[in-house]
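**Q** Got a sequence here, can you build the structure:
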Amino acid sequence: MKTKTIYRIFVDYEKEEKWLNEMAQSGWALESFRLMRYVFKQVEPGTYTYRIELLSNLPSHPESKAYMTFLDEVGIEVVDTSYRWIFLRKRTSDGPFQLYSDFDSMIQREKRIIQLYGAVGLAANFVVVIANLSNPYAQWTVLLNIAVVAMLAYAVQHHTRKVRTLKGLKAIGEMKSSD
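**A** Residues are numbered from 1 along each chain as shown. This is a model prediction of the structure:
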């Protein structure tokens, strides 16, 4: 079995998901993920469809374990986990692969992502403050912090817009159903 390792970094899970599905369409199935390192195995093109999900808790939490067991029961495989992110796949031949069918669930997912990015931003700032206290001449930490905060701010803004769009679509749907 032929394998391939690719190193990439994504800030936007939707772009990452799209890329994983493009890789699958060209015959490369994700086998594992660790810190920007994607390992693929060669398969028949189009065998799998991928989704990426952010859990409410760590994968070891009982709620997360129950959710992953449910996914397995409905034919969705957990390929790998990274912190609270899980990489999922389903055989394309089994039909469409959507994780959410209602606006409230989609809105909650986006809010979880915004909260995660906010926590990462705070942690990055904390690290820079500690580094500057221990070595006030560590100018590189400020530049690194600016880069991380800029990426996270972009991601938060993107997901905030998405929440507003989903809320608007939900309101439109509710208006149509009440007519």
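
**Q** use CA for all of it now, contacts and neighbours both
**A** Fine.

**Q** Just the helices from the chain, written as ranges.
**A** Per DSSP state H, the chain carries helices over the ranges 13-25, 62-73, 103-134, 139-178.

**Q** Quick one: low-confidence residue ranges for the chain.
**A** Low-confidence segments of the chain (pLDDT under 70): 132-133, 136-141, 179.

**Q** rewinding a little: of all the helices of the chain, which gets the most neighbours per residue?
**A** Mean neighbour count (mean count of other Cα atoms under 10 Å) peaks for helix 13-25 among the helices of the chain, with a mean of 17.

**Q** Please state the offset of that one from the chain centre?
**A** 11 Å (Cα atoms, centre = their mean, to the nearest Å).

**Q** before we move on, back to that, same list (the helices of the chain) but as JSON lines, adding distance to residue 44.
**A** Below are those laid out as JSON lines (distance: least, Cα to Cα, whole Å):
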{"stretch": "helix 13-25", "distance to residue 44": "8"}
{"stretch": "helix 62-73", "distance to residue 44": "22"}
{"stretch": "helix 103-134", "distance to residue 44": "31"}
{"stretch": "helix 139-178", "distance to residue 44": "34"}
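
**Q** And the ones you listed: which comes nearest residue 51?
**A** helix 13-25 (5.9 Å; Cα to Cα).

**Q** so what does the closest one touch, helix or strand wise?
**A** If you count contacts as 3 or more Cα pairs under 8 Å, 6 or more residues apart in numbering; DSSP states H and E, helix 13-25 packs onto strand 28-34, strand 48-54.

**Q** from those strands, which stretch is densest packed?
**A** For the helices and strands packed on helix 13-25, the largest average neighbour count (mean count of other Cα under 10 Å) is found in strand 48-54, namely a mean of 22.

**Q** quick one on the thing from earlier: for residue 93, which of the helices of the chain is the nearest?
**A** helix 13-25 (12.7 Å).

**Q** Pull the residues that contact that closest one.
**A** Outside helix 13-25, the residues that touch it by Cα atoms under 8 Å, 6 or more residues apart in numbering are 10, 29, 30, 45, 46, 47, 48, 49, 50, 51, 52.

**Q** And for stretch 154-171?
**A** With contacts defined as Cα under 8 Å, 6+ apart, stretch 154-171 is touched by 11, 12, 103, 106, 107, 110, 111, 113, 114, 117, 118.
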